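>>> Let's see this in three dimensions:
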Amino acid sequence: MIVVRWFIGLLLMAGAFAVSAEACTTVIVSGKATPDGRPLLWKNRDFWQPQNEIVYSDRGQYPFVGIANAEATRRMRMGSNTVGFCIENSTSRDLEGKAANGLTNGDLITLALESCETVADFQALLDRTNATGRMTRGNFGVIDAHGGAMLFEVGPTSYQAFDANDSAVAPQGFIVRSNFSETARQRLPDDAPQPIEDMYSGKRYRRAHELCLSAHQAGTLDMAFLLQQVCRDVEGCHASAFNEVDSDADPKDRQWITGSTLNRNSTVAAAVFQGVAPGEDPRLVTMWAILGEPMFSIAIPCWAAQEGVATAGNGPGKSSLCLAAMNLRQAFYDSSGTELQANNLDQVTSALKQVEQKSIARIDALTKTWRDSPPTSRDLRQQHDQATELALATVTRLASDFPPPASLANEKSTGQILIDFPFGEKIGTRLGSTTDVVAALKWSGGLTDCRTHNGSMRIGRNDSRAATRYAPLSPPVRIRSSASQPEFTPRGWLVAEIAGWNLTGPESNERFRFGLSSQPENALHTAGVELERTSADRVRLSGKAFGNGSTAIEGIELPSNHPGPMTLVLQIDKIEGNPDEGKFGGEYHVFLRDGESGDFVPVGSAGRLRRHRNGNAIHLQTAGSFADPGEYFDLGRIYFTTQNPLVTRP
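From the prediction side, this is the model:
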C-alpha cells in the first residue's frame, strides 16, 4: 500500500465533485480542551456545487466573513463576525418537525452572523423561530468570544443543545457531528439501537472522533491539527479501496477511492475558526478558509474586521483560487472523476504544505503582537491579501506543472446515450410510432402530421398553432435526487442532426424547437434551441429559456433554404453558474456544426436557466405551416447524451 504523507497520516483523495446534498463533518472544541484555552470550530463542506467563495458583508448589525456558493451572498454556509461569534452546520435530515416556510439552514447562519454576539444570543434566536417555524434540519456548531462552545441540533420547530463545556455532555471537551443527530438516536427503542458505523456518515463521525480524542490525549488539539490533519484526512482508504484490477501494478500507479472519508470526493470547501480567550479582542478571531478540495488547496486567514475580500477569493462571478484548486485536482483523476491516481501526488501535497505552514507561522506570530497592540482593518486586509495571492500563485503553478494527462484531457467524459431516435422506420411512420433505440421510449403529445421520410422525420404541419411532443428523460437533468427520481445527472447534451430544410413558402411563420422540459404535463419548459423563419429568405437560430431568472441566447441568421446537413447541440449544466439561491441556477449553450464534419462553434454566449426548472423530458415543438409546396424540414436524428459530443479524441 502506497503511503503519501502530508503533515501526518494518509492524505490520499479520490474522485470528482460528487453530486449530492450537503453532507458535512464538523467539530466543536471548548477552550478547556485546547492547549491555549481558546475554542475551535471546524467544518468540511460536502456539496454538489464546487464553486465556492469568501464573502464579506456589513449589511447587518455585525460585519462578517463567510463561505458561500459562488455568486450567492444571501445564504452563508459558515462564518464569523466582528464580535467573535462563529457558526457552521452539517445537514441532519433525521430531525422531526415540518415547516413550509421560514429560515433555511443558510438563512439561519446568515441571520446569526448579522445579529448574534454570544451562544446565548443564538439560542434566543432559535427560541423565537421555534414558534414561527424554520426550514432547517441541521447540526449547528457555534463558538463565541466569551468561552461559549455549543452544538445545536435544529429541526423546523425545536432544537436540542449540547454544551462542549459541560463534562457530562462532552467529557473530553469536544463534540463531533456528521449527518445524523443524537436527538433522533435517542428516539430509537432501547432494545434496537443502531450502531454508528451502520448509519450514513457514521464512518466520518467515528474517524473525526478518533482523531480528536488522540490529539486531546496528546495535548495537541489545536487549530493546526484540525486544519492540517483532520480536515484533509482520508484514513479508511485501505487496501479494500484499491482498484483490485491493478493489484499487481506499481504502487505509484494504484488508484484510490474515497467516499466516506473526512476529505471526500465531494468536499468543496472547509474552514477552521480559531477563537479568542474571554477578554481578548474578538476581532482577532480567525477563519482559516479553504476554497476547493482541501487536498488541492491552501488555507487563507480571514477576519471579519478586514472590510473586504481579496479578488482571488471572491472575484467577478467566481473565485480564481477555487477554480485553480479545481484545475489542480483534474491532474489526479481518472476519466470517470472517481479514482485518484497516486503518482506525483506527494510532490503536490508537499508544496502546498510548505506554503500553508509558513502562513500559519506568520499569522501566529502577528496575533501574539496584536493581542497587545490591536491591528487596524488595513493590517488585517493586508495579511489576508498577501496569503491569498501566495496561495493562488502556488496552486496555479502546480496546476500548470501537473496538467491532466492527454488521455484524460481529450477523452470524452464518461456517460451514455440516454435517448436516441434515429428515425429509421419505414417511410410514413408517424412521430408517435417511432422508437427510441436505447430505451424504447415513445413520443407523447401532438404533431400527428410528422412522418418519416427517407431516414428522417419530416416535419409536416397544416395548423399554425404550436404543438409539442415529449419523451421522458431518465435519469433526468437536475442537481438533487427525489423520492421519485433517485438517479439524476447534472449536465448533458441534446443533439439534433438535421438533414436539411427548405422553408420558402409564401407564409414565413414556420418555427421548430427542440429542448428540455421540467413539467411536460403542465407544458413548463426549461430551455431549447429554436429555428424560426423571420423573412422570405432568412431563418433565425437562437436559444430560448423559460421562467423567471432565465435568459435567451442571441441568435444568428441562416438561409431559409439549407439542403445540406447541420448538427445543433443544446448543452445543459445545472451546476455551472448555479449559486443555489435566487431565480437563476445553471447555464445552457447552443452549438452549431454546418456540414457532416468539422468543429462545433458556439452560438452566442451562455444563457441562464431558472433554478427550479430541470430536464425531466425532451421535447419537440413546431408552430406555423410546413405544408407549402416544396417545403420540408427533415430531422435526421435526435438524441440525449452525457458524453460530450463537442470533443473529439485525437
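>>> Without its sequence neighbours, what residue ends up closest to Glu532?
Computed as Cβ to Cβ, 6 or more residues apart in numbering, the closest residue to Glu532 that is not its neighbour in sequence is Arg511, at 4.4 Å. All C-beta atoms are positioned from the backbone trio N, CA, C, and that covers glycine.
>>> Specify the beta-bridge partners of the one you found.
Glu532, Ala623 (DSSP bridges).
>>> contacting residues for it?
466, 530-533, 621-624 (Cβ atoms under 8 Å, 6 or more residues apart in numbering).
>>> tell me the secondary structure for His384?
helix (DSSP: H, G, I helix; E, B strand; the rest coil).
>>> give the contact list for it.
Taking Cβ under 8 Å, 6+ apart, one finds 300-303, 306, 309-310 in contact with His384.
>>> how about the helices of the stretch 501-650 of the chain, start to end?
Using DSSP state H, counting those that start in this stretch, no helices are assigned anywhere in the stretch 501-650 of the chain.
>>> which stretches of it aren't confidently modelled?
Residues of the stretch 501-650 of the chain that meet the criterion pLDDT under 70 lie in 648-650.
>>> Mind doing that once more with 50?
Scanning the stretch 501-650 of the chain for pLDDT under 50 picks out 649-650.
>>> do the same with the stretch 51-200 of the chain
Checking the stretch 51-200 of the chain against pLDDT under 50 turns up nothing.
>>> which residues of it fall in strands?
Using DSSP state E, counting those that start in this stretch, the strands of the stretch 51-200 of the chain run over residues 52-57, 64-69, 78-81, 86-91, 103-104, 134-135, 138-143, 149-154, 159-163, 174-177.
>>> Direction included, what does the fifth one pair against?
It stands for strand 103-104. strand 134-135 (parallel).
>>> Contacts for the partner strand, please.
99-105, 108, 154-157.
>>> Could you identify the buried members of those residues?
Neighbour counting by 16 or more other Cβ atoms under 10 Å classes 99, 103-105, 108, 154-157 among these as buried.
>>> In a markdown table, list the strands of the stretch 51-200 of the chain along with distance to Thr504.
Shown next, in a markdown table, are these (distance: least, Cβ to Cβ, whole Å):
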| stretch | distance to Thr504 |
| --- | --- |
| strand 52-57 | 52 |
| strand 64-69 | 49 |
| strand 78-81 | 61 |
| strand 86-91 | 58 |
| strand 103-104 | 54 |
| strand 134-135 | 56 |
| strand 138-143 | 61 |
| strand 149-154 | 65 |
| strand 159-163 | 69 |
| strand 174-177 | 68 |
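>>> Would you mind giving the domain segments of this protein?
25-409, 417-641 (automatic domain parsing).
>>> Let's have the ones you listed in a markdown table, adding distance to Val647.
Putting the domains of the chain into a markdown table (distance: least, Cβ to Cβ, whole Å) gives the following:
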| stretch | distance to Val647 |
| --- | --- |
| domain 25-409 | 10 |
| domain 417-641 | 9 |
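>>> Kindly indicate which of the contacts of His384 lies nearest Arg59.
Nearest to Arg59 out of the contacts of His384 is Val309 (Cβ to Cβ; 14.5 Å).
>>> What pLDDT does the model give the closest one?
Looking at Val309, its pLDDT is 97.
>>> Could you check how far the residue nearest the centre of the chain is from Ile419?
What sits nearest the mean C-alpha location of the chain, by Cα atoms, centre = their mean, is Gln49, with 1.0 Å. Distance of Gln49 to Ile419, given as Cβ to Cβ, to the nearest Å: 27 Å.
>>> Likewise for Trp303?
Trp303 is 52 Å from Ile419, by Cβ to Cβ.
>>> ok, for the residue lying farthest from the centre of the chain, nearest residue in space, not its chain neighbours?
Distance to the chain centre peaks in the chain at Pro629, reaching 51.5 Å (criterion: Cα atoms, centre = their mean). Nearest non-adjacent residue to Pro629, counting by Cβ to Cβ, 6+ apart: Gly505, 7.3 Å away.
>>> and the residue nearest to Met223 when sequence neighbours are not counted, what does it touch?
With sequence-adjacent residues excluded and distances taken as Cβ to Cβ, 6+ apart, Met223 is closest to Gln274, at 4.5 Å. Going by Cβ under 8 Å, 6+ apart, Gln274 touches 38, 40, 223, 285-288.
>>> before we move on, what about Trp370?
Trp370 touches 281, 284, 379, counting by Cβ under 8 Å, 6+ apart.
>>> wait, which of these is closest to Pro490?
Leu284 (40.4 Å).
>>> Wait, the closest one touches Val276, no?
Yes - counting by Cβ atoms under 8 Å, Leu284 touches Val276, with 5.4 Å between them.
>>> These two: which is more packed in?
Val276 (25 against 22; other Cβ atoms under 10 Å).
>>> The nearest residue to Pro520 once chain neighbours are set aside: how many residues sit nearby?
Excluding its sequence neighbours, the residue lying closest to Pro520 (Cβ to Cβ, 6+ apart) is Tyr470, at 4.0 Å. Counted by other Cβ under 10 Å, the residues lying close to Tyr470 total 21.
>>> bridging residues for Tyr470?
Assigned bridge partners for Tyr470, using DSSP bridges, are Ser444, His619.
>>> any idea how far it is from Gly549?
Counting by Cβ to Cβ, the gap from Tyr470 to Gly549 is 23 Å.
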